[in-house]
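# Structure for the following, please:
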Amino acid sequence: MFQFLDRRPASLRRRLGLAALFAAIALPVAAQAQEKFPTKPIHVVVPFPPGGINDTVARPILKKMGELMNIGFVIDNRPGASGTIGTASVARADPDGYTLLLGAASTMAVVPHMMKSVPYSSSRDFAPIGGLASVPSVMISGRPEKYPDFAAVLADLKKRPGEATYGSAGPGTSHHTQMSFLNLELGTSMLHVPYKGSGPAMADLLGGQIDFLMDPLPTTITQVGSGKIVPIAITSAKRSALLPNVPTFIELGVKGFEVSTWFGLFAPVKTPPAVLAALTDALSAALADPAIVQAMASRGMDPLTKNPAEMARYVADENMLWKGVIEKTRIGLD
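Numbers count the residues shown, from 1 in each chain. As a prediction, the model looks like this:
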């Protein structure tokens with residue numbers, strides 16, 4: 001039997017042995033250091049201009065998540081091409097948890113079916129972290145004397161097919177797609193008048209240049225107090241506590257017409273499970289914070305409390321809904 005004899009000096013052997021021991025101890029410590037998350041600020045891409053409802057939804061929740069994770073969250077607005085530019089940039093980002101996406105109904109479920117080519121897939125390229133918020137819309141008119149309620153609206157739409165108009169913040173926005181869906185459900189033919197933003201659309205509604213606007217509840221609330229608009233119906237399943245006298249479309253007989261502008265937090269698809277879990281835990285805790293709950297309720301927003309699996313199913317269902325609507329209404333952007 002061959003036996004190896006180490007002829008190196010004993011002092012050298014001891015030093016080498018200690019070095020090997022320290023190396024063995026250091027390996028798991030180094031691995032733990034690499035696995036620690038987060039260690040630097042997390043960037044959240046918002047694929048729309050600053051100052052809109054996207055920022056309103058994201059900022060307080062991300063601020064709370066930052067407090068819980070003891071790290072900064074940085075909002076990175078990257079608008080363009082109906083939100084597809086910023087969304088695609090996250091799909092291509094390193095899957096390390098430091099670049100996330102504020103995904104919205106439009107970018108994740110609507111616009112992909114309105115364009116011939118979109119540089120991402122909402123199902124294949126992203127890992128859901130969880131839901132953030134759901135915001136219903138309100139059909140409003142600037143002519144209280146002509147359209148005091150839904151019955152008056154429906155009678156006029158039937159009497160003057162193809163003459164009534166509705167505004168939007170642009171093609172593909174919730175104002176546009178939700179009213180197109182309503183046209184489909186009612187069998188009516190209101191005409192779409194696109195604007196460069198919701199502000200000009202609201203101005204023309206108040207000025208009487210257009211008849212209707214399907215407006216997100218938070219901005220509707222600011223106008224209701226002026227007495228210049230009349231809220232006709234809301235798109236949520238239940239009435240809003242902020243507008244308790246405004247009926248839902250479902251109450252009014254438009255069965256199944258429940259739509260919202262929703263938001264969720266997403267990461268690139270190959271992000272490590274442990275990183276996703278840490279982000280999901282922080283998001284869940286933020287949405288449960290009483291201050292966040294109160295702030296959202298005061299603005300007409302509902303927490304979209306869905307875990308990653310539930311959020312994935314929700315996005316899939318929304319894609320099925322809007323794909324069908326867009327095919328039937330032919331409101332493509334190309």
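# Double-check that V44 belongs to a helix.
No: V44 sits outside any helix when classified using DSSP: H, G, I helix; E, B strand; the rest coil, being strand.
# any idea where the helices of the stretch 101-250 of the chain begin and end?
Taking DSSP state H, counting those that start in this stretch to define them, one finds helices in the stretch 101-250 of the chain at 105, 150-159, 174-186, 198-207, 217-224.
# Show me what the first one is packed against.
Packing partners of helix 105 (3 or more CB pairs under 8 Å, 6 or more residues apart in numbering; DSSP states H and E): strand 261-268. C-betas here are computed from N, CA, C, even on glycine.
# what about P79, which SS state?
Reduced to three states by three-state DSSP, P79 is coil.
# can you pull the contacts of P95?
A267, P268, V269, K270, T271, P272 (CB atoms under 8 Å, 6 or more residues apart in numbering).
# Any of those residues buried? List them.
Among the contacts of P95, those classed as buried by neighbour count (16 or more other CB atoms under 10 Å) are A267, P268, T271.
# Of those residues, just say which sits nearest to K238.
Among the buried ones among the contacts of P95, A267 lies closest to K238 (CB to CB), at 31.7 Å.
# The closest one against F126, yeah?
Yes: look at A267 against F126 with CB atoms under 8 Å: they come within range, at 6.9 Å.
# relative to strand 261-268, how tilted is the longest strand along the chain?
Longest strand in the chain by number of residues (criterion: DSSP state E): strand 126-135. Here strand 126-135 points in a direction 160 degrees away from that of strand 261-268 (axes from the mean of the first three to the mean of the last three CA atoms, to 10 degrees).
# quick one: average pLDDT of strand 126-135?
Average pLDDT, strand 126-135: 97.
# Stretch 185-197 too?
pLDDT averaged over stretch 185-197 gives 93.
# Check which residues of it are buried.
Residues L186, T188, M190, H192, V193, Y195 are the ones in stretch 185-197 that count as buried (16+ other CB under 10 Å).
# One more: stretch 283-298?
The neighbour-count check on stretch 283-298 (16+ other CB under 10 Å) flags L283, S284, A286, L287, D289, I292, M296 as buried.
# Could you list the domains of the protein?
42-134+262-329, 137-234 (automatic domain parsing).
# and which of the buried residues of stretch 185-197 is nearest V135?
Nearest to V135 among the buried residues of stretch 185-197 is Y195, at 19.6 Å by CB to CB.
# ok, now which ones touch the closest one?
Residues counted as contacts of Y195 (CB under 8 Å, 6+ apart) are G167, S168, A169, G170, A201, D204.
# try 6 Å this time
Counting by CB atoms under 6 Å, 6 or more residues apart in numbering, Y195 makes contact with G167, A201.
# show me what contacts the residue nearest to H176 when sequence neighbours are not counted?
The spatial neighbour of H176 that comes closest, neighbours along the chain excluded (CB to CB, 6 or more residues apart in numbering), is S168 at 3.9 Å. Residues near S168 by CB under 6 Å, 6+ apart: H175, H176, P194.
# now do I75
V44, V46.
# Would it be right to say that it lies in a strand?
Yes: according to three-state DSSP, I75 belongs to a strand.
# what is it paired to in the beta sheet?
I75 has the following beta-bridge partners by DSSP bridges: V44.
# Please report how far it lies from V275.
As judged by CB to CB, to the nearest Å, I75 and V275 stand 20 Å apart.
# One more: R160?
56 Å.
# show me where pLDDT drops low in the protein?
1-35, 334 (pLDDT under 70).
# what's the nearest residue to the residue nearest the centre of it if we skip its chain neighbours?
By CA atoms, centre = their mean, the chain has its centre lying nearest to F263, at 1.9 Å. Among residues not flanking F263 along the chain, L132 sits closest, at 4.3 Å (CB to CB, 6+ apart).
# Report the separation between the one you found and P303.
8 Å.
# more crowded one of those two?
Counted by other CB atoms under 10 Å, L132 and P303 do not tie: L132 has more neighbours, with 27 against 17.
# Can you tell me how far the more buried one is from F212?
L132 is 28 Å from F212, by CB to CB.
# now do E145
According to CB to CB, E145 and F212 sit 15 Å apart.
# between the two, who's got more neighbours?
F212 (24 against 8).
# So that one is in contact with H175, correct?
No: counting by CB atoms under 6 Å, F212 does not reach H175; the two are 9.7 Å apart.
# shared neighbours, those two?
By CB under 6 Å, 6+ apart, no residue touches both F212 and H175.
# The nearest residue to V230 once chain neighbours are set aside: how many residues sit nearby?
The shortest distance from V230 to any non-neighbouring residue, by CB to CB, 6+ apart, is to P144 (4.3 Å). Using other CB under 10 Å, P144 has 12 other residues around it.
# about what we covered before: so which of the helices of the stretch 101-250 of the chain is nearest L68?
That would be helix 217-224 among these, by CB to CB, at 25.1 Å.
# Give me the helices and strands touching that closest one, please.
If contacts are counted by 3 or more CB pairs under 6 Å, 6 or more residues apart in numbering; DSSP states H and E, helix 217-224 sits against strand 137-141.
# Tell me which other helices or strands the strand it packs on touches.
For strand 137-141, the elements it packs on are strand 212-216, helix 217-224, strand 230-234, judged by 3+ CB pairs under 6 Å, 6+ apart.
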